[in-house]
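S.K.: I'd like to go over a predicted model; first the sequence, then the structure.
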Amino acid sequence: MSPALTVWVRGIGLWAPGMADWTTFRAIVRNEASPGEVTRPVADTLPANERRRAPESVLLAAAAAGQAVAMSGLSAADLACVFASGHGDQTITDYMCATLASAPAELSPIRFHNSVHNAPVGYWTIATHCHAASSAVSAATYSFGAGLLEAAMLAVADERDVLFAAYDIAGTGPLREMTACTGAFAASLVLSPHPHQGAARIDLTLVPGNIRDASLGDARMDGLAHSNPTGAGLRLMEALAQEQSLALRVATADSLDVHLDVEACR
Amino acid sequence: MPHPISPLAIRAFTATSALGRGLDAHAQALAAGRGGLTRNDFSSAPLDCWIGRVPGLEDEPVPEAFVSLDCRNNRLAWAGLRQDGFVGHVLAARERYGASRVAVLMGTSTASIGATEEGYRRLDDGHLPPELAFPALHTPHSLANFVASLFDLEGPCMTVATACSSSAKVFASAERMIRLGLVDAAVVGGVDTLCDSVLFGFNSLELVSPEPCRPFDAGRRGISIGEAAGFALLERLEAAPDAPRLVGYGESSDAHHMSTPHPEGLGAELALRDALARAGLAPADIDYINLHGTASMKNDEVEAALITRTFPATTRASSTKGFTGHTLGAAGMLEAAITLLAMREGRVPGNINAEAPDPNCGPQMAWSAEKRDVRIALSNSFGFGGNNACLAFAAAERLA
C-alpha cells in the first residue's frame, strides 16, 4: 500500500442534467429538492463573448470550476489546474472526423484549435489570468480517479492549492457508440494541502484492484454515474454533499483503485 | 518559487522519428546535419507541404494480442519501444519493483484519432466498420493503455494531452509520483502520428509551410508536421547513479490566447524560471537548450527574444524541428531524447534550414552542429492553450 496523500476540499462545483450547480445537487442528495429542468451550464467566469461561442466541453468544465473556486474564496489566478476528461469534446471530434471524411479542406480553424484536449483548461486560464501550471489529462473510463490523483499529488508535492475539474459531454454521431457517453456531467474540487476550517479531508491511498460498477443504490444516480467517465466521481460528490465520513474507492487504472477516506467537516 | 527537487535517474531512453529508429540513427543524422523531412505523401489528398514521416509502419501491426489497439499511433509506439533495449529495461523495472509500483505516463496530442478518422471515412450504415469498432481505440488514452497493457504494468496509468507540451509534462508528473512514494519507477513517453486532423487542422490556421520548415529563419513560412515516438524510464537516483538525470522542470500557462503565444513570452519565461529554480541552476550554468522552435512566425520570434535576453553566449541553443518536423504531442519526449543525446555524444545539434537568422536571435544560436561538452541542458515545449513546459537535465557526473 502506498503512503496516503492528504488534501482538504476548500471548494466544490458540479453540473449534471437537471442539477445546475453544487447547491442544487446537495439539496437533491439530501432529499431536500428534486431535479429541475436541464439548463445550459452557467460559466460566468468566462467573458460573455467567449461564453456565447464556447464549445460545450468548455462551458461545462468552466461552470463546475467556477463554482468550486467561488466557494473556496481563493483567487483563480493563483490556482494550479488539473482538468480531466475521458473523451474531451466529442461533438468537435465528430465534426472533425466527419468533415475530414467529406471535405477536409473546409475544416474550421476555430473548431480545430478548440479540438485540443486542453481547450477547457486553456480557456479557463485565459479567463482567469492564471499563469500557474495547468494540465489536461485522460485515462478513458478512469479519468476521474486518475485526474483526482494527479491533482492531489500536485497539491501535496508543490504545497499549493489546486483546482481539479472533471467533465465529459455526451457522445455524438458514430463516435457515441464507442464512447458510450449518454449525457454530460462535471465535478470540480479546490484541493488544499493544508487544513482549513469547514473543509472536508480526503486521504488518498492507492490499492490494487478495480471497483468497477459499484451501485449507488439509486437508479437516477446510477444512471448519472454511468453516463460518462466523470460519473465515476459521483459517489465522492454524494459523500461530500451528505457531509458523511466514509471510505470509498474510485478506479484510476485497470488494476488500480484509489481508496478515499473522506472525513466530513465538523 | 518552487523548492529544488532531488534529481531522478533516466535509466533508459529512446527515440524514433523521421531521422530513423533508435538513438544511433538520431545521433548520426544530427551530427551530419541531415534532415528527415520529405514531400507530403500522407492521406488520400495530400496537402502541398513537407512532413517528417516514419516509413514502414503500414506493414507493421502491433502484436496480435493487442489487435483492438492496432492503429498507426500504437504501431509507432511499438516500433519505438523496441529500440535501444528499452523493452528489457521496462521488464527489469517491473521485476525489480513489482507491476503496481511502475507508472505509465504518456503524452499525446491526438493519440489514435487517425483510426477514428479512418472509421468515419469507411462508415458502415452510419456505424464504424467492425474492424475499427473497438472503444479502446477511440479515446485519447489509447496510447497509455497500449503501453501499460504491453508490459502488464498495474501502477498509475495516465495520459497528458496538453497539445505540444504533453510529453514534456509527463516528466513532471512522474517526478511528483516518485517523490511522494506512490511508485518506484515511471515509464514516460510521447507518441503522435501523422493524421488528417493535424495536417488539415494546422493548414486551416495557415501555419503549415509549403517548404521544409526553417526554424528561426527571418523568412520562415510555418511548421512542417512530423511524427515520433519516444520513451524514458525514470527511477530514483540511487537505483542508477551513473545514468543521466532529470534535475528540474517548469510548467506554466500563458493566459493569453488559444493558438498564439504570449507576445512577450511571459509563460515561456515562467516555465524556464520554474525549471531553473527546481534544478537549483542559473542561466549561466546551461550548456545547451533544445528550443521549441516550430518555425511559426510568432513562436520563434518570442522564443528567440527570451533566449537572447536570458542566457550568455556560452549557452548554445537550437531547434531540431528542421530535422524531424514538429511532432506535436511527442515533441517534448523526442526533444528530451535529443537533448540527452547531445550530452551523450558531446555534440550540440545544429539549427538546420535557416539561412538568414531572425533578428531576435542572439549569439547563443548554434546554426550548425558543434562538438562540445554538454553537461547541463534544457528542453522547451510550448503548446496550444498557452501551455508551457521546460525540462532540465544533467549528466551523471554533476553531483557525483
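M.R.: Thanks, I have it.
S.K.: Residues of the stretch 1-150 of chain B that sit close to chain A?
M.R.: Taking Cβ under 8 Å from any Cβ of the partner chain, the part of the stretch 1-150 of chain B that reaches chain A is made up of B:2, B:43, B:45, B:99-100, B:109, B:113, B:116-117, B:119-121, B:123, B:126-128, B:133-142, B:144-145, B:148. (Each C-beta comes from the backbone N, C-alpha and C, glycine too.)
S.K.: So how do I select the buried members of those residues in ChimeraX?
M.R.: In ChimeraX, this line selects whichever of the residues of the stretch 1-150 of chain B next to chain A come out buried by 16 or more other Cβ atoms under 10 Å in any protein chain shown:
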select /B:2,43,99,100,109,113,116,117,119,120,121,128,133,134,136,137,138,139,140,141,142,144,145,148
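S.K.: what's the residue lying closest to B:G325 once chain neighbours are set aside sitting at in phi/psi?
M.R.: Spatial nearest neighbour of B:G325, chain neighbours left out: B:G226 (2.6 Å); criterion: Cβ to Cβ, 6 or more residues apart in numbering or on different chains. Main-chain torsions, B:G226, degrees, to the nearest 10: phi -130, psi 180.
S.K.: all helices for the stretch 151-300 of chain B, in order.
M.R.: B:166-179, B:196-204, B:266-279, B:297-310 (DSSP state H, counting those that start in this stretch).
S.K.: Turn the ones you listed into TSV, including mean pLDDT.
M.R.: Output for those, formatted as TSV (pLDDT from 0 to 100):
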stretch	mean pLDDT
helix B:166-179	98
helix B:196-204	97
helix B:266-279	98
helix B:297-310	98
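S.K.: Tell me which other helices or strands whichever helix in chain A runs longest touches.
M.R.: Counting residues, the longest helix in chain A under DSSP state H turns out to be helix A:56-72. Secondary-structure packing of helix A:56-72 (3 or more Cβ pairs under 8 Å, 6 or more residues apart in numbering or on different chains; DSSP states H and E): strand A:5-15, helix A:22-29, strand A:80-84, helix A:90-102, helix A:119-128, strand A:162-168, strand A:185-192.
S.K.: among these, which is the most enclosed?
M.R.: strand A:162-168 (a mean of 31; mean count of other Cβ atoms under 10 Å in any protein chain shown).
S.K.: next one: it to chain centre, how far?
M.R.: Distance of strand A:162-168 from the chain centroid (Cα atoms, centre = their mean, to the nearest Å) equals 4 Å.
S.K.: got the angle for it vs helix A:90-102?
M.R.: 60 degrees (axes from the mean of the first three to the mean of the last three Cα atoms, to 10 degrees).
S.K.: Which neighbouring elements make contact with strand A:162-168?
M.R.: By 3+ Cβ pairs under 8 Å, 6+ apart, strand A:162-168 packs against helix A:56-72, strand A:80-84, helix A:119-128, helix A:143-157, strand A:185-192.
S.K.: tell me the mean pLDDT for the longest helix of chain A?
M.R.: Summarised as a single mean, pLDDT over helix A:56-72 is 98.
S.K.: what angle sits between it and strand A:80-84?
M.R.: Using the same axes, to 10 degrees: helix A:56-72 against strand A:80-84 is 140 degrees.
S.K.: what bridges to residue 253?
M.R.: All of this refers to chain A. When bridges are called by DSSP bridges, A:A253 pairs up with A:L256.
S.K.: my bad, the chain I had in mind was chain B
M.R.: Under the criterion used (DSSP bridges), B:S253 bridges to B:N387.
S.K.: Touching, it and B:A389? I think so.
M.R.: No - B:S253 lies out of contact with B:A389 (Cβ atoms under 8 Å); the separation is 10.6 Å.
S.K.: Flag every buried residue along stretch B:80-90.
M.R.: Buried, per 16+ other Cβ under 10 Å, within stretch B:80-90: B:80-81, B:83-84, B:86-87, B:89-90.
S.K.: Export the residues you listed to a markdown table and append columns for secondary structure and pLDDT.
M.R.: Formatted as a markdown table, the buried residues of stretch B:80-90 follow (DSSP: H, G, I helix; E, B strand; the rest coil; pLDDT from 0 to 100):
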| residue | secondary structure | pLDDT |
| --- | --- | --- |
| B:G80 | helix | 98 |
| B:L81 | helix | 98 |
| B:Q83 | coil | 98 |
| B:D84 | coil | 98 |
| B:F86 | helix | 98 |
| B:V87 | helix | 98 |
| B:H89 | helix | 98 |
| B:V90 | helix | 98 |
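S.K.: quick check, distance from the longest helix of chain A to the centre of its chain.
M.R.: With Cα atoms, centre = their mean, you get 9 Å for helix A:56-72.
S.K.: Can you list the low-confidence ranges for the chain?
M.R.: Let's take chain A. A:1-3, A:266 (pLDDT under 70).
S.K.: Let me rephrase: I mean chain B.
M.R.: B:398-400.
S.K.: Let me see the contact set for the residue of it found nearest chain A.
M.R.: Of all residues in chain B, B:G385 sits closest to chain A, at 2.6 Å by Cβ to the nearest Cβ. By Cβ atoms under 8 Å, 6 or more residues apart in numbering or on different chains, the contact list for B:G385 reads A:116, A:118-119, A:121-123, A:125, A:134, A:136, B:162-163, B:253, B:258.
S.K.: what does the stretch 151-266 of chain A put close to chain B?
M.R.: Within reach of chain B by Cβ under 8 Å from any Cβ, the stretch 151-266 of chain A has these residues: A:153-154, A:156-158, A:174-175, A:177-180, A:206, A:208, A:252-256.
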